[in-house]
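J.: mind looking at a prediction? Sequence and model below.
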Amino acid sequence: TTTVTLPADTKSLRETFVFARANGFVKSWSADIGQKVRAGQVLAEVTTPELDQQVAQARANLDLAKTSYNRLAGVALPGAISKQELDVAKSQFSVQQAALQQLLAQQSFRRITAPFSGIVTQRNVEVGSLVSSSNAPGSQLFKIEQTDKLRAYVQVPQNFAPFIKTGMMANYLVPEFVGKPFKGKVVRNAGALDPTTRTLDPATHTARVRCVIPNPRGELRPGSYAQVKFFLPRTAPGVIIPANALVPGGTDSRVATVQNGKIHYQSIVTGRDFGNQLEVSQGLKDNELLVLNPA
């Protein structure tokens, strides 16, 4: 195997903005930044005076429709009313029932709850704030993130992409914990296809790979600068040399070899670049003695 270390874009396992579903004013809020919340926990309550008035009006309309229907249904004299009139009254009663249920459902959104267990990372409300049932940018009330696991997105160069397999283990590295790699696993692989165009990205020639890193202690934070080190199998092992064995300058790649006590320049063709190591596809065979830092 060989290793390759690439920068990663780190996000929470799940994250979402919480919006209001009813128009009104914030009556109270009970969750602040950094607080852990449970799924279904109340984050804020909203007063809805306009909606309350609509509910009262809908109840009155329902009572009137119910009274009219009962009055017509109670007529005992045959032929006094037509079946059409009775059907219309029954239909009006059903319509008013549905209208009231719809308003009551909207009224239940006065209690804003957490969609899943996690941590509050944004709070954009205060008591008295005007809120509306809009999901326009800037109208979110809270942001909830689940950080017990993190997602690391890595753009893998094309020459390494075929070796990245789902289920492969990888090390997640952050500068805050020097020498302490966190274990992760590859869970998704775009297969050298750009996820938006479904074609090979002509600009970067990279594949998007997603890794999941357990974070039970909350040591890792989403959005942090990080790197992911992959351990790649070499199905056809080639010659690997240190990167500082290359002779600097010139148009061709060369190394300095020692043969019979003398220095000889040897032209080579390089393959994959592993950072501090290079793969040589042509020019070297095996066991050559190279000069490091030949300059």
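T.: Happy to help now that I have it.
J.: mind listing the helices for the stretch 51-200 of the chain?
T.: For the stretch 51-200 of the chain, helices defined by DSSP state H, counting those that start in this stretch occupy the ranges 83-107.
J.: any weak-confidence spans in it?
T.: 76-77, 79-80, 190-200 (pLDDT under 70).
J.: let's see it at 90
T.: 51-55, 64-93, 102-111, 125, 128-140, 155-166, 176, 178-179, 188-200 (pLDDT under 90).
J.: residue ranges of the strands in it, please?
T.: 111-113, 118-123, 130-131, 142-157, 169-173, 182-189 (DSSP state E, counting those that start in this stretch).
J.: put together JSON lines for these, with mean neighbour count and distance to residue 5 on each row.
T.: Any C-beta I mention is one placed from the backbone N, CA and C, and that applies to glycine too. Converted to JSON lines, those look like this (neighbours: other CB atoms under 10 Å; distance: least, CB to CB, whole Å):
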{"stretch": "strand 111-113", "mean neighbour count": "17", "distance to residue 5": "42"}
{"stretch": "strand 118-123", "mean neighbour count": "18", "distance to residue 5": "28"}
{"stretch": "strand 130-131", "mean neighbour count": "16", "distance to residue 5": "45"}
{"stretch": "strand 142-157", "mean neighbour count": "20", "distance to residue 5": "10"}
{"stretch": "strand 169-173", "mean neighbour count": "20", "distance to residue 5": "7"}
{"stretch": "strand 182-189", "mean neighbour count": "17", "distance to residue 5": "13"}
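J.: export the ones you listed to JSON lines and tack on distance to residue 90?
T.: Shown next, in JSON lines, are the strands of the stretch 51-200 of the chain (distance: least, CB to CB, whole Å):
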{"stretch": "strand 111-113", "distance to residue 90": "34"}
{"stretch": "strand 118-123", "distance to residue 90": "48"}
{"stretch": "strand 130-131", "distance to residue 90": "38"}
{"stretch": "strand 142-157", "distance to residue 90": "44"}
{"stretch": "strand 169-173", "distance to residue 90": "65"}
{"stretch": "strand 182-189", "distance to residue 90": "55"}
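J.: how many neighbours does the residue lying closest to residue 186 once chain neighbours are set aside have?
T.: Excluding the flanking residues, the one nearest residue 186 by CB to CB, 6 or more residues apart in numbering is residue 168, at 4.5 Å. Counted by other CB atoms under 10 Å, the residues lying close to residue 168 total 18.
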